[in-house]
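Visitor: The following comprises the amino acid sequence and a computationally predicted model.
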Amino acid sequence: VKFNNCAGNKGVRYETNSLDFKVRADGTLYAAHHLQVPSKQLILMVTAWDPQTLGRWEAMVRFLVAEKSQHNGHKPKGRKALPGELVQQQSDTLLPWRQHQSANGLRRQKRDWVIPPINVPENSRGPFPQQLVRIRSDKDKEIHIRYSITGVGADQPPMEVFNIDPVSGRMYVTRPMDREERASYHLRAHAVDMNGNKVENPIDLYIYVIDMNDNRPEFINQVYNGSVDEGSKPGTYVMTVTANDADDGTTANGMVRYRIVTQTPQSPSQNMFTINSETGDIVTVAAGLDREKVQQYIVIVQATDMEGNLNYGLSNTATAIITVTDVNDNPPEFTTSTVRAAGCCKGVRTSVLITRDLTGSFLGQAGSRSWGGMGLPTTTCTHSHFSFSQPKGPREKIQHFAAAIAVRGRAQIDYEMNRAFMLTVMVSNQAPLASGIQMSFQSTAGVTISVTDVNEAPYFPTNHKLIRLEEGVPTGTVLTTFSAVDPDRFMQQAVRYSKLSDPANWLNINATNGQITTAAVLDRESDYIKNNVYEATFLAADNGIPPASGTGTLQIYLIDINDNAPELLPKEAQICEKPNLNVINITAADADIDPNVGPFVFELPSVPSAVRKNWTITRLNGDYAQLSLRIMYLEAGVYDVPIIVTDSGNPPLYNTSVIKVKVCPCDENGDCTTIGAVAAAGLGTGAIIAILICIIILLTMVLLFVVWMKRREKERHTKQLLIDPEDDVRDNILKYDEEGGGEEDQDYDLSQLQQPETMDHVLNKTPGVRRVDERPIGAEPQYPIRPVIPHPGDIGDFINEGLRAADNDPTAPPYDSLLVFDYEGSGSTAGSVSSLNSSSSGDQDYDYLNDWGPRFKKLADMYGGGEED
């Protein structure tokens, strides 16, 4: 058997469905042992599978077995009916298991038959289930036998496509078959007794689905695009169209044939193209393709199965668009032979257009290879500086172009090197002229380009410039001269220098000659240093019109010197109060680099003496050491342990660093206990007592402040007996009770209650009843002056004197005038106040009112008369 997996058949393995035959790696099929074939035809299934991709392919192999010639000339006895004959029997019954009796009366088991394939047509209309075949065993006359089938389509997905009557052995198909879904089935028939014991060996059944023409050919694409040159000879290949049919390709159902249905336009002939009916290749069949007359053809292609039989086959169509391409049969030509262009700028570095005066025309298709582009310009000088643009755009049949010359993107025009360029420009097609054209395929024109001088920026010849020096050089040190060059040799210009970027402000530059000096001490350990390099940028500007400038970068590599003493690490640590339980690993950090860092020397100072008495240092290596207790016990607490650390620089630097060591009691694991941590923090009994006393004092002060605030609030509501000298009773406005209005006092004139704007009417008013509270105009009495330090016995006299002065002061409120407050109106149900009887006895003496001063004079006149009233 031959097999090709399109990958060289590497690792492909073969196997068969029979134990009697095997397949070698080269595809040779051989018998595994000596055997006798009972039929003239033997059918096997050979499977090729790839272990890597898990792909499996199957093929059916048929053997035709020749009978051996008989020496006695007799025909073989007991010839078995061929499988094909069994299938054609009216009973449609297969007897795969046959028993034969030998001459001595014993029964000898013969080898099982190979059942020929069972063919089932697809898309059968039924009725279903439809019987395919009946399987019987010779032993069914002796015992009751039950039949069953297994395999894909029976007890494996797709399930129950086939079933078998367990008693009669009739096998049925239960639904229509689809060859495109599955083309064959491999089943095994079993025969067992009523107890499930095997009566016969399983028999292989191969069922093949017969293909029906139920699928139309399908084109891969509905529209195909191809092209062919104009003037092509008959038989020129154009394109290939492909259609696939899902039916069996080995039968007429899947054999597709092609033909051309229509061609549009039918010029110059209605059959300009033909198609290979089997391969689908479209080729030209007639001459006369002319792009200037017909630029495109549309061809309808039909694919039909049944080998192209239009009566029985199924068909489908697709569209093929064939474009006629232009060939180079008309060279382009310049309309002008000499062009002069001026104004090309010196120093141009980008694509700059110089001229568009080159014009020409030719006959061809825009965008085609013949129309194409122009060749590179050739010049007697440096032609690589210029480029020649492609013509663009078709204009009817005669194509016109306006070619342009421009400076190439990376070219630099230098006035000092070349003041003018002489170019010879050539234009030609990308493709050579078609055969038979007797004319020049190119056209040339001369171009003169003048260069205009412009101001160019100064540049630093060495950019970036690197210098090396040690850090720490003093201020004012000359480092280097960083000067720029002005490329304008024909212009008298001066260059000035300035700083553009100096992050640390360490440098100065001379404005005229570019000399660099230090403005501060350069420190390698500064944050402005990256990888030991300090970078500054300077600006060089000329005085041209317009002025131009260039930048340069100066890189200073600083060589390290030993200018940083080492620092001890860590700054804090913890250790147990007893030695040999744990130690403190210490190291040092130095801002310098090799060789000005380690190895470090760690040592304890001699002063104070308690340091070396209590502590000791053990060297581990050049960068690490261990600090531990020297004595057997050290009281818990925090200790400042000074340690001298010296680096290996030249000269070496040292630093005395203090590490805070917390000494605390530890548990068996070497960890500080909670009580030990408190004790190690330095909080002894005295400190705890002091803290408690401070808390008690603070609480007492808060309590006293609260009591004082409450007492002050209480005194605020209590009238004081003594009045300060500053507090004058005349300055206080005393508000007494107010009477409410009566029932008919709502219609009064509000203007009478308003304060007058002037006091003239008051001064000119005659004495009497006034509605306005007025201050009398007159001399004010003198009040007594309270002594600075009054005697307690004089308080009463002072109060009496002040009372007398206030009573005789007409200017002090309340003024001694008759005030009308509110008018209650007439008809009040409350009656008059004069109707109220006094609860006092009639012999009440009111003469003491005269002694109260002018404020009570009216009251004394009303009640003081006694019997006269």
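Guide: Ah, there it is. Quick caveat: nothing in here was measured; it's all calculated off a predicted structure.
Visitor: So what would you say the end-to-end distance of stretch 228-247 is?
Guide: 34 Å (CA to CA, to the nearest Å).
Visitor: low pLDDT regions in the stretch 401-550 of the chain?
Guide: Scanning the stretch 401-550 of the chain for pLDDT under 70 picks out the ranges 401-404, 407-411, 429-441.
Visitor: ok, Asn253 - how many residues close by?
Guide: 23 (other CB atoms under 10 Å). Every residue, glycine included, has its C-beta placed from N, CA and C.
Visitor: My reading is that it lies in a helix. Confirm?
Guide: Yes - assigned with DSSP: H, G, I helix; E, B strand; the rest coil, Asn253 falls within a helix.
Visitor: how long is stretch 588-600 end to end?
Guide: 7 Å.
Visitor: Please identify the buried residues of it?
Guide: 588, 590, 592, 596-598, 600 (16 or more other CB atoms under 10 Å).
Visitor: pLDDT and secondary structure added to those residues, as CSV?
Guide: As requested, the buried residues of stretch 588-600 are arranged in CSV below (pLDDT from 0 to 100; DSSP: H, G, I helix; E, B strand; the rest coil):
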residue, pLDDT, secondary structure
Ala588, 87, strand
Asp590, 82, coil
Asp592, 82, coil
Asn596, 81, coil
Val597, 82, coil
Gly598, 79, coil
Phe600, 86, coil
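Visitor: Of those residues, which is the nearest to Ser501?
Guide: Asp592 (27.0 Å; CB to CB).
Visitor: Run through the residues that contact the closest one.
Guide: 525, 560-564, 647, 649 (CB atoms under 8 Å, 6 or more residues apart in numbering).
Visitor: and Asn225, what element?
Guide: Here Asn225, judged by DSSP states H and E, is contained in strand 223-229.
Visitor: Which neighbours in the sheet does that strand have, and how are they oriented?
Guide: Using DSSP bridges, strand 223-229 pairs in its sheet with strand 315-325 (parallel).
Visitor: Toward the C-terminus, what is the element adjacent to the partner strand?
Guide: strand 333-334.
Visitor: any idea which strand is longest in this protein?
Guide: Criterion DSSP state E: the longest strand present in the chain is strand 198-210.
Visitor: Need the mean per-residue confidence for that strand.
Guide: Mean per-residue pLDDT for strand 198-210: 90.
Visitor: can you check stretch 65-80 too?
Guide: Mean predicted confidence for stretch 65-80 is 45.
Visitor: and Asp204, how many neighbours?
Guide: 18.
Visitor: hang on, isn't it packed against Pro116?
Guide: No - with contacts counted by CB atoms under 8 Å, Asp204 stays clear of Pro116, the gap being 10.9 Å.
Visitor: how about the buried residues of stretch 588-600 in CSV, adding distance to Leu310?
Guide: CSV is the format used below for these (distance: CB to CB, whole Å):
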residue, distance to Leu310
Ala588, 101
Asp590, 99
Asp592, 98
Asn596, 100
Val597, 98
Gly598, 99
Phe600, 103
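Visitor: does Leu859 sit in a helix, a strand or a coil?
Guide: Going by three-state DSSP: Leu859 is helix.
Visitor: Sorry, wrong one. I was asking about Asn9.
Guide: Criterion first, three-state DSSP; result for Asn9: coil.
Visitor: confidence score at it?
Guide: pLDDT, read off for Asn9, is 73.
Visitor: What about the residue lying closest to it once chain neighbours are set aside, how many residues nearby?
Guide: Distance criterion CB to CB, 6 or more residues apart in numbering; nearest residue to Asn9, sequence neighbours excluded, is Phe3 at 6.7 Å. By the measure other CB under 10 Å, the count of residues near Phe3 is 13.
Visitor: So, low pLDDT: which residues of the stretch 751-869 of the chain?
Guide: Using pLDDT under 70, the stretch 751-869 of the chain drops low at 751-793, 810-843, 864-869.
Visitor: what's the following helix or strand past the strand holding Asn225 in contact with?
Guide: Next along the chain after strand 223-229, taking DSSP H and E as the criterion, comes strand 237-240. Applying CB under 8 Å, 6+ apart, the contact partners of strand 237-240 are 224-228, 273, 279-284, 320, 322.
Visitor: So which residues of the stretch 1-150 of the chain form strands?
Guide: 13-16, 21-23, 29-31, 41-49, 56-64, 93-97, 99-101, 107-109, 118-121, 130-137, 146-151 (DSSP state E, counting those that start in this stretch).
Visitor: now those as CSV including mean neighbour count and distance to Lys499?
Guide: What follows is these, written out as CSV (neighbours: other CB atoms under 10 Å; distance: least, CB to CB, whole Å):
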stretch, mean neighbour count, distance to Lys499
strand 13-16, 15, 80
strand 21-23, 18, 88
strand 29-31, 11, 92
strand 41-49, 17, 79
strand 56-64, 12, 79
strand 93-97, 20, 106
strand 99-101, 11, 116
strand 107-109, 10, 112
strand 118-121, 16, 97
strand 130-137, 18, 101
strand 146-151, 18, 92
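Visitor: would you turn these into a markdown table with distance to Val607?
Guide: Below are the strands of the stretch 1-150 of the chain laid out as a markdown table (distance: least, CB to CB, whole Å):
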| stretch | distance to Val607 |
| --- | --- |
| strand 13-16 | 91 |
| strand 21-23 | 100 |
| strand 29-31 | 105 |
| strand 41-49 | 92 |
| strand 56-64 | 93 |
| strand 93-97 | 116 |
| strand 99-101 | 122 |
| strand 107-109 | 116 |
| strand 118-121 | 113 |
| strand 130-137 | 116 |
| strand 146-151 | 102 |
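Visitor: between those strands, which one is nearest to Asp245?
Guide: strand 118-121 (18.0 Å).
Visitor: contacting residues around the closest residue to Val597 other than its chain neighbours?
Guide: Once flanking residues are discounted, Val597 sits nearest to Asp590: 4.3 Å by CB to CB, 6+ apart. Neighbouring residues of Asp590 by CB under 8 Å, 6+ apart: 564-567, 596-598, 600, 647.
Visitor: ditto for Asp542
Guide: 455, 457-458, 486, 488, 493-496, 548-549.
Visitor: one more time with 7 Å
Guide: 458, 486, 493-495, 548 (CB atoms under 7 Å, 6 or more residues apart in numbering).
Visitor: can you tell me which of the strands of the stretch 1-150 of the chain comes nearest to Arg216?
Guide: Of the strands of the stretch 1-150 of the chain, the one closest to Arg216 (CB to CB) turns out to be strand 118-121, at 19.3 Å.
Visitor: Let me know the average pLDDT across that closest one.
Guide: Per-residue scores along strand 118-121 average to 88.
Visitor: Dump the C-alpha coordinates for stretch 562-580 into PDB.
Guide: Output of stretch 562-580 as PDB, limited to C-alpha atoms (Å, rounded to 0.1, in the frame of the first residue of the first chain):
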ATOM      1  CA  ASN A 562      39.000  59.100  50.000                       C
ATOM      2  CA  ASP A 563      36.900  62.100  51.200                       C
ATOM      3  CA  ASN A 564      34.200  60.200  53.100                       C
ATOM      4  CA  ALA A 565      34.600  58.400  56.400                       C
ATOM      5  CA  PRO A 566      32.800  55.100  56.900                       C
ATOM      6  CA  GLU A 567      29.500  55.000  58.900                       C
ATOM      7  CA  LEU A 568      28.700  52.100  61.300                       C
ATOM      8  CA  LEU A 569      25.600  50.000  60.600                       C
ATOM      9  CA  PRO A 570      23.300  49.300  62.200                       C
ATOM     10  CA  LYS A 571      22.600  52.200  64.500                       C
ATOM     11  CA  GLU A 572      20.500  50.200  67.000                       C
ATOM     12  CA  ALA A 573      20.700  46.600  68.100                       C
ATOM     13  CA  GLN A 574      19.600  44.200  70.800                       C
ATOM     14  CA  ILE A 575      21.500  41.700  72.900                       C
ATOM     15  CA  CYS A 576      20.900  39.500  75.900                       C
ATOM     16  CA  GLU A 577      22.200  40.400  79.300                       C
ATOM     17  CA  LYS A 578      24.200  37.200  79.500                       C
ATOM     18  CA  PRO A 579      27.000  36.500  76.900                       C
ATOM     19  CA  ASN A 580      27.300  33.600  74.500                       C
END
